[in-house]
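# The following comprises the amino acid sequence and a computationally predicted model.
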Amino acid sequence: MTANDLPWNQEAEAAVLGVILRGEADLESVRHKLDPDDFYDRRHRTIYAAIGALAQQGVGVDLLTVHDALRSGPGSRSVDASYLAGLCEAAPVPSHLPHYM
């Protein structure tokens, strides 16, 4: 399914990102199932693309590393630190992650 397919679920997108940002997801498993175009929300696409770039570089993915990557990367104005922190705070139990992908 891609972002152009309906239905779209903002909360599910946020849940996936929040669990990843808290370091509680098997990132390789998630990356095999999702790519940035699967996210409808532009901010979520930007965040997930930054996560993928960091992972490809071998950099640990968490709130701070993603925030640093976003500050200097494309789309940096669309995502601020408080939005990333909100994703982390609202993320569900990690074992529920497969239900959101």
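Perfect, I can see it now.

# OK, contacts around the spatially most central residue of the chain?
Note on the chain: the residue nearest the mean C-alpha position is residue 17, at 3.2 Å, using Cα atoms, centre = their mean. For residue 17, the contact set (Cβ atoms under 8 Å, 6 or more residues apart in numbering) comprises 44, 47, 48, 51, 87, 91. Every residue, glycine included, has its C-beta placed from N, CA and C.

# try 7 Å this time
Counting by Cβ atoms under 7 Å, 6 or more residues apart in numbering, residue 17 touches 44, 47, 48, 87.

# Residue 15 reaches residue 89, doesn't it?
No: the pair residue 15 / residue 89 is not scored as a contact, 11.7 Å apart, by Cβ atoms under 7 Å.

# Looking at those two, which one has more neighbours?
For residue 15 versus residue 89, the count of surrounding residues by other Cβ atoms under 10 Å is larger for residue 15: 22 against 9.

# helix, strand or coil for residue 24?
Secondary structure state of residue 24, per DSSP: H, G, I helix; E, B strand; the rest coil, is coil.

# do you know how far it is from residue 34?
Using Cβ to Cβ, to the nearest Å, we find residue 24 at a distance of 16 Å from residue 34.
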